[in-house]
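Peer 1: I'll drop the sequence and a predicted model, then ask my questions.
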Amino acid sequence: MTTKVLAQPAFPQFAGRKVLILYYSRTGHTRTVASQIQGLIGGDLVEIRTVEAYPDDYDAVVAQNAEEQRSGYMPPLRTKIPSIGDYDVIFIGSPLWNVRLTPPVRSFLSSHDLSGKTVAPFVTYIVSGLGRSRRDIGELCPEATVLEGLAVLGEEADEAQAKVRAWLEAMRV
Ligand SMILES: Cc1cc2nc3c(=O)[nH]c(=O)nc-3n(C[C@H](O)[C@H](O)[C@H](O)COP(=O)(O)O)c2cc1C
């Protein structure tokens, strides 16, 4: 976990609110966006890590993900946050895999109680935008308030700062 405390918050709606930025990333795009969010509003940044890494080979990951989605498999995680109840606003970042959240993110959400939290989803993708990521979060966190999500084209993640900023500025938490 890295923690960033901003001397002067540029986003007043986050003042006094405890922020957690969670993400899973296999090839780095979603990590880039997560870091941009932290750079702008501060908070705790935590990577969701699996016990078993996914294969490097693209076709192998596609096949494994398809099977995990079909069976509803929740991969075991290294990342656990017993203090999740302390946070007010939780950002959840995932690459879009077959139009859905990745199994590691679904596994995290199914093993942590986000009732009463404000949840802000963000995804990176190639063609599908937000896909059904927001619906996945709503199903896994039925008692959370799920805000409008942000979708960033993976290959444009390095240049997404302005888009991320605009999304955060418009956010009411
Ligand atoms: C198994 C798998 C399935 C994917 N499915 C989709 C998809 O349905 N729609 C889409 O737009 N991109 C899809 N992608 C592309 C990723 O969402 C995109 O490359 C993303 O930016 C990767 O994020 P990362 O670098 O944080 O891992 C898929 C990638 C993988 C590996």
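Peer 2: All right, it came through fine. Nothing here was measured: the structure is a model prediction, and the numbers come from that model. Numbering: from 1, shown residues only.

Peer 1: Give me the pLDDT for the residue of the chain at minimum distance from the ligand.
Peer 2: In the chain, the residue that lies nearest the ligand is Gly154 (2.4 Å; Cβ to the nearest ligand atom). The way it works is simple: take the backbone N, C-alpha and C, and place the C-beta from them, glycine included. Gly154 is assigned 98 on the pLDDT scale.

Peer 1: cool, Thr79 as well?
Peer 2: 98.

Peer 1: swap in Leu6?
Peer 2: Confidence at Leu6, expressed as pLDDT, is 87.

Peer 1: Look at it and tell me its secondary structure.
Peer 2: Counting by DSSP: H, G, I helix; E, B strand; the rest coil, the backbone at Leu6 sits in coil.

Peer 1: what's the neighbour count on the residue of the chain closest to the ligand?
Peer 2: Neighbourhood size, Gly154 [other Cβ atoms under 10 Å]: 19.

Peer 1: Could you double-check that it sits in contact with Ser128?
Peer 2: No. When contacts are counted by Cβ atoms under 8 Å, Gly154 is not listed as touching Ser128 (10.9 Å).

Peer 1: Just name the shakiest helix or strand of the chain by mean pLDDT.
Peer 2: Confidence across the helices and strands of the chain bottoms out at strand 2-4, with a mean of 93, counting by mean pLDDT, DSSP states H and E.

Peer 1: near the ligand, which residues of this protein?
Peer 2: 25-30, 58, 61-62, 65, 95-99, 124-128, 154 (Cβ under 6 Å from any ligand atom).

Peer 1: In helices only, show me these.
Peer 2: Taking DSSP state H as the definition of helices, these contribute 29-30, 58, 61-62, 65.

Peer 1: Reformat those as TSV; add distance to Asp86 and neighbour count.
Peer 2: Shown next, in TSV, are these (distance: Cβ to Cβ, whole Å; neighbours: other Cβ atoms under 10 Å):
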residue	distance to Asp86	neighbour count
His29	28	23
Thr30	24	27
Tyr58	38	10
Val61	34	16
Val62	37	13
Asn65	32	17
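
Peer 1: Between those residues, which sits nearest Gln13?
Peer 2: Gln13 lies nearest to Thr30 out of these, by Cβ to Cβ, at 23.4 Å.
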